[in-house]
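**Q** The following comprises the amino acid sequence and a computationally predicted model.
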Amino acid sequence: MSKSSRVRTILCLSLGLIFGVCSASRAADTFKFGVVTPLSGGAADYGIAFQNGIKLAVEEINKAGGANVGGKNYTIEPVFCDDEFKPDKAVNCGKELSAQYKVRAVMTPSSLAAFPIMGFNQQEGFVLMATSQTPKFTQMGNSLVVRFVNNTDRTMGPWVELVEQYLQKTNKQAKKAAIMEVNTELGKSWADNFTKAWLKAQGNSMIGKASYDANATDFYPQLSTLLPGQPDVIVLTTVCQPSAIVIKQARELGFKGVFINSGACSGEELIKLLPAEQVEGTLFEVGAWGLPEKTIDDFKKTYAEKFKVGPQFVSGLGYEGARWLVKATEVAGAVDDGAKIRAAMPAALAGLKNMFNMSNLDAKGDVDFPMYVGVISGGKLSVYSGAGH
């Protein structure tokens, strides 16, 4: 620390005790970023899991001394805003975080929030990081967006092939599929990509599709239109809480086939929400999250000890997303310039070992993000990664 810095610090400490001054100097030592996530409503468990992953990363970073940006140490502070899993609330959150807290980065775990916030993040000058799997997220020419999960345009074909391999290996009759499509941008794009990939396999068919709201609780009308077609598979496209209700109601109506859920739902969470017999054999879209690796196992153990509940896939995404963002500020040498932070993110990711083997951020905002098939069997989640598994 320079002599002038020491003098300033001493003055601030002394005068602060008397007059409460120097608050602006203390604020300058903090890097704040925004988090728009559902903390109430139909996706609260999902949003809180994302929040907790971020909290854990920030706690670890701050305990290690914070971020060293341009030779100065910064304490990291996430500012959370509850969007209730509603687009209009997400907009309000994004505008508040930008105007009131002057954040230069916002993270969100949903397309539902990401797309409306994209309407103003460039104008406001903040990076928008989202776990949106929707291809359109990186196709709109927004120079300040970053996806930190898979793009289904890239991964759906290989993933559905893995699903087919698993179904054949386990001798499951699964040729006729029906889709419950959540009424969001992600729901439509995920369902469209799944349908294209599913129909490439010989003998496969898509017998119907029904739309629904993620905050709804009664799915009997949609199921009553799909089940007469006698599907072998029902495909779900959103977070665990509504998916669990769909599964419960479908079982009550006599469906005995296989459920397949998008990566929006974590197998561990679904196991907690429903009796084992109702979710047995359910398949999921997962990253390396379910693989038996020490780094992942250690994270899950630490998370469970701290929050007294097991983590979800989205918990890991929140954790790694926060670590990546902070690393980018260090590489950029800036905490107050969204464009500089975004420009530093490819190099920051290249130097960051992460649980998902996420790599190669491109100019559009996409990353390489390998996906596998999660399977609930015997009340536990395992991962099928290919024919040699």
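**A** Sure thing, it's come through.

**Q** which residues of the stretch 251-389 of the chain fall in strands?
**A** Per DSSP state E, counting those that start in this stretch, the stretch 251-389 of the chain carries strands over the ranges 258-261, 283-286, 372-377, 380-384.

**Q** among those strands, which is nearest residue 122?
**A** Among those, strand 283-286 comes nearest to residue 122, with 29.7 Å by C-beta to C-beta. (Glycine included, C-beta is placed from N, CA and C.)

**Q** quick one on the thing from earlier: which one of the strands of the stretch 251-389 of the chain is the most hemmed in?
**A** strand 283-286 (a mean of 26; mean count of other C-beta atoms under 10 Å).

**Q** Quick one: mean pLDDT for that strand?
**A** What strand 283-286 shows for mean pLDDT is 94.

**Q** could I have that strand exported to PDB, CA atoms only?
**A** C-alpha atoms of strand 283-286 as PDB (Å, rounded to 0.1, in the frame of the first residue of the first chain):
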ATOM      1  CA  LEU A 283     -34.400 -39.700 -17.700                       C
ATOM      2  CA  PHE A 284     -32.800 -36.300 -17.600                       C
ATOM      3  CA  GLU A 285     -30.500 -34.000 -19.600                       C
ATOM      4  CA  VAL A 286     -27.400 -33.500 -17.400                       C
END
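
**Q** and the one helix or strand residue 75 maps to, which residues are buried?
**A** If you go by DSSP states H and E, residue 75 is part of strand 72-82. Across strand 72-82, burial judged by 16 or more other C-beta atoms under 10 Å covers 74, 76, 78-82.

**Q** now those residues as a markdown table including pLDDT and distance to residue 256?
**A** Converted to a markdown table, the buried residues of strand 72-82 look like this (pLDDT from 0 to 100; distance: C-beta to C-beta, whole Å):
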| residue | pLDDT | distance to residue 256 |
| --- | --- | --- |
| 74 | 98 | 55 |
| 76 | 98 | 49 |
| 78 | 98 | 44 |
| 79 | 98 | 47 |
| 80 | 98 | 41 |
| 81 | 98 | 42 |
| 82 | 98 | 38 |
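
**Q** So for residue 133, which of the strands of the stretch 251-389 of the chain sits nearest?
**A** Nearest of these to residue 133, taken as C-beta to C-beta: strand 283-286 at 8.4 Å.

**Q** which helices and strands does the strand holding residue 75 pack with?
**A** Secondary-structure packing of strand 72-82 (3 or more C-beta pairs under 8 Å, 6 or more residues apart in numbering; DSSP states H and E): strand 30-37, helix 44-63, strand 67-69, helix 87-101, helix 313-332.

**Q** Can you add mean neighbour count and distance to residue 136 and give these back as a markdown table?
**A** Output for these, formatted as a markdown table (neighbours: other C-beta atoms under 10 Å; distance: least, C-beta to C-beta, whole Å):
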| stretch | mean neighbour count | distance to residue 136 |
| --- | --- | --- |
| strand 30-37 | 24 | 18 |
| helix 44-63 | 22 | 21 |
| strand 67-69 | 17 | 32 |
| helix 87-101 | 18 | 15 |
| helix 313-332 | 25 | 19 |
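
**Q** lowest-confidence stretch among the strands of the stretch 251-389 of the chain?
**A** Taking the mean pLDDT of the strands of the stretch 251-389 of the chain, strand 380-384 comes last: a mean of 91.

**Q** Adjacent strands (with direction) for it?
**A** strand 372-377 (antiparallel) (DSSP bridges).

**Q** Around residue 221, how many other residues sit close by?
**A** Neighbours of residue 221 under the rule other C-beta atoms under 10 Å: 10.

**Q** which residues are in contact with stretch 371-378?
**A** Residues outside stretch 371-378 that contact it (C-beta atoms under 8 Å, 6 or more residues apart in numbering): 150, 155, 158-159, 162-163, 166, 263, 267, 270-271, 276, 279-291, 381-385.

**Q** before we move on, back to that, let's have the helices and strands packed on strand 72-82 in TSV, adding distance to residue 229.
**A** Converted to TSV, the helices and strands packed on strand 72-82 look like this (distance: least, C-beta to C-beta, whole Å):
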stretch	distance to residue 229
strand 30-37	36
helix 44-63	30
strand 67-69	54
helix 87-101	32
helix 313-332	30
